[in-house]
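In: With the sequence up front, the predicted model follows.
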There are 2 protein chains.
Amino acid sequence: MSEKLKVVQFGLGPIGMASARLALQKPGMEVVGAIDIAEHLVGRDLGEVLGLSESLGIEVSPDASAVLEHTRPDVVLHTTSSFLSRVEDQLMTCIRAGANVVSSTEELFYPYYRDPEFCDRIDKAAKEHGVIVVGTGVNPGFSMDVLPLTLTGICADVKKVRALRVVDASHRRGPLQRKIGAGLEKAEFEKLVSENKLGHIGLLESLLAIADGLNWHPETIDEKVEPVLAQKAIKTQFVEVQPGQVAGIRHTCVASINDTPVIELELQMYVGAGDPNDSVFIDGDPPINMRIDGGIFGDTATVAALINTAGRLQGQAPGLKTMLDLPVPRAFL
Amino acid sequence: MSEKLKVVQFGLGPIGMASARLALQKPGMEVVGAIDIAEHLVGRDLGEVLGLSESLGIEVSPDASAVLEHTRPDVVLHTTSSFLSRVEDQLMTCIRAGANVVSSTEELFYPYYRDPEFCDRIDKAAKEHGVIVVGTGVNPGFSMDVLPLTLTGICADVKKVRALRVVDASHRRGPLQRKIGAGLEKAEFEKLVSENKLGHIGLLESLLAIADGLNWHPETIDEKVEPVLAQKAIKTQFVEVQPGQVAGIRHTCVASINDTPVIELELQMYVGAGDPNDSVFIDGDPPINMRIDGGIFGDTATVAALINTAGRLQGQAPGLKTMLDLPVPRAFL
């Protein structure tokens, strides 16, 4: 890698724009290209798209291959979709261009269970081209997987890992408020849940990563998405919620061995959540009772995770990786 | 490495004995040898030394080379001394025998500042023989370095890292209670501090590891060891402390850049500490306010860190490493 890390931003939704902005602020990074297929972005200067006062001389292009061929980045910051099925071609294009990929694709944080063949293809191609592909973020990617697992690192024995994340969605971006069903009636919520159209993406991935890290083989995994109903009226920048309407989700994922729960993840994400926090309880020796007061603010943290992970790939062996394979996380300043 | 990790216990003080006991409990480990020079241990069976009901067929030997040559372990669990100057020959013996070393030597957690030549020699030898040498533990090794640094992994910016560890030494082993001066008069305490005979070993190492991880270059580092005086009489299994006598230490280490503190570590370790905890405050974006209620129980955690780190070396590149170079910590179950 060159002394300054050359990065290309692939995807310019809200997370991608924030990622590009943060990369531009890092003295150790140089943004050399931007990729998006949205008609209202293509052909415009990245500086203008990001709302900066100056143009950057970087034109947003829909042609990933051409941008990568032309700019030869060290790392692609990839922020296009939550789902493996939608990103394989994009990842392959980056890999073939010899660029490492750090992606916010939630399913990529721990893809081995959902699609082992996808993993084989990506891993093989990445090794062939000497690059790393890794999925990261705050959730999945940190608060309900990397952090709990890290805390077991000083445990002589572990019987159960429980992680709780309570997010007040009032201060989060609009798409997220809609993704958790804020403002829906309970029946609409349940219909959408049954169609897999609501809920947090990546909770199962967090659970599987913890199980893998501890070499546990869960016999059953129970996943549930329930509505949290508003007690009083709440109005955010994006939605209005009446009492009795859905304020957001309570999403749980529990892994059991011998009918005993060994991993319990609970994500509460709703507008008006009173006591946001990230907590980890380890029933182990020693026991661990950790709490991050106020919780980790997700939009900033996800973008930071992308940039910080991009800064930590140097010297690592190529292939499809997870955050658990990489050295201890740290800020890239 | 073989399917079961073959380990030799090097050093049979309180930590070494606990380490050997834990290794014996791990289905994935096989204890194949034990080294100590203490006359009252040499020649005895390890099972007897550990107070187990059965003999293990492992004789404690003072001859490290012979034990390692004979048993060919994957990893040596090394627990003999806190100081680099006292362990170099021991580490070299392990390296030459082709064994990885996981050590509780506090100064080895981040040895680059204290003795760069030592580091060069160890790193060169380790690479020559294809093994890893790493220092670990809970403090240094986790609560005031690895954990705070991990938490910066989701920060877009970091202005200051502060870690506080408050330990109630009443429940810790006797040597530790004496190491913090419990039961001394204030004047005796201060005399011993001035002779470098009291205080926690490794706080500076924790601070330097955080600075290195964040690519910060502190201009000044202030280290202070002060007594915490007992408010009321306290009696533990090992010492009696009268009101006004020393109950333990308050050890601080502060790194500054441009006269601004950027890393602040504070360790309070005294008998009768009322509210033990491990806390991390990150002045960053987002800010992080983390607390482990009750704190991490040190004696168990240090031993667990040794075993868990030993379980995580496979596939890593050889050389002198720190915990920051290795993948995310996790329990070896």
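Out: Noted; the coordinates are in hand. Residues are numbered from 1 along each chain as shown, chains lettered A, B, ... in the order given.
In: From here on, just use CA atoms for contacts and neighbour counts.
Out: Fine.
In: which parts of the stretch 201-333 of chain A sit against chain B?
Out: Residues of the stretch 201-333 of chain A lying close to chain B by CA under 8 Å from any CA of the partner chain are A:213-215, A:285-297, A:300-305, A:307-309, A:323-333.
In: number of nearby residues for residue A:40?
Out: 9 (other CA atoms under 10 Å in any protein chain shown).
In: ok, now which ones touch it?
Out: With contact set as CA atoms under 8 Å, 6 or more residues apart in numbering or on different chains, residue A:40 has no partners.
In: got it, and the one 4 residues further on?
Out: The neighbours of residue A:44, taking CA under 8 Å, 6+ apart as the test, are A:59, A:60.
In: Quickly note the distance from it to chain B.
Out: Here the distance between residue A:44 and chain B works out to 26 Å (CA to the nearest CA, to the nearest Å).
In: and if you look at residue A:24?
Out: Separation of residue A:24 from chain B (CA to the nearest CA): 12 Å.
In: Helix or strand: which one has that residue?
Out: If you go by DSSP states H and E, residue A:24 is part of helix A:14-25.
In: tell me the mean pLDDT over that helix?
Out: Across helix A:14-25, the average pLDDT comes to 97.
In: Give me the nearest residue to the residue of the stretch 51-200 of chain A found nearest chain B, chain neighbours excluded.
Out: Per CA to the nearest CA, the residue of the stretch 51-200 of chain A with the smallest distance to chain B is residue A:153, at 3.9 Å. By the measure of CA to CA, 6 or more residues apart in numbering or on different chains, the closest residue to residue A:153 outside its immediate chain neighbours is residue B:330, 3.9 Å from it.
In: re the thing from before, which members of the residues of the stretch 201-333 of chain A next to chain B occur in helices, if any?
Out: A:213, A:300, A:301, A:302, A:303, A:304, A:305, A:307, A:308, A:309 (DSSP state H).
In: Around the second one, count how many other residues there are.
Out: Counted with other CA under 10 Å, the burial measure for residue A:300 works out to 22 neighbours.
In: cool, and the last one?
Out: Neighbours of residue A:309 under the rule other CA under 10 Å: 26.
In: ditto for residue A:257
Out: Residue A:257 has 14 neighbouring residues, counting by other CA under 10 Å.
In: Check residue A:91 too.
Out: Number of residues near residue A:91 (other CA under 10 Å) recorded here: 23.
In: ditto for residue A:70
Out: When neighbours are defined as other CA under 10 Å, residue A:70 has 12 of them.
In: Find me the pLDDT at it, would you?
Out: Residue A:70 is given a pLDDT of 96.
In: dump the residue contacts of it.
Out: Counting by CA under 8 Å, 6+ apart, residue A:70 has no contacts.
In: Please, which helix or strand holds it?
Out: Counting by DSSP H and E, residue A:70 is part of helix A:64-71.
In: Among the ones in helices among the residues of the stretch 201-333 of chain A next to chain B, find me the one that's closest to residue A:57.
Out: Lowest distance from residue A:57 to those (CA to CA) belongs to residue A:307, with 21.5 Å.
In: how close does the closest one get to residue A:150?
Out: 20 Å (CA to CA, to the nearest Å).
In: Over to residue A:214?
Out: In this view, residue A:214 and residue A:150 are 11 Å apart by CA to CA.
In: next one: residue A:9
Out: Using CA to CA, we find residue A:9 at a distance of 30 Å from residue A:150.
In: list the contacts for the most centrally placed residue in chain A?
Out: Nearest to the mean C-alpha position of chain A, by CA atoms, centre = their mean, lies residue A:137 at 3.4 Å. By CA under 8 Å, 6+ apart, the contact list for residue A:137 reads A:104, A:106, A:301, A:302, A:303, A:304, A:305, A:306, B:154.
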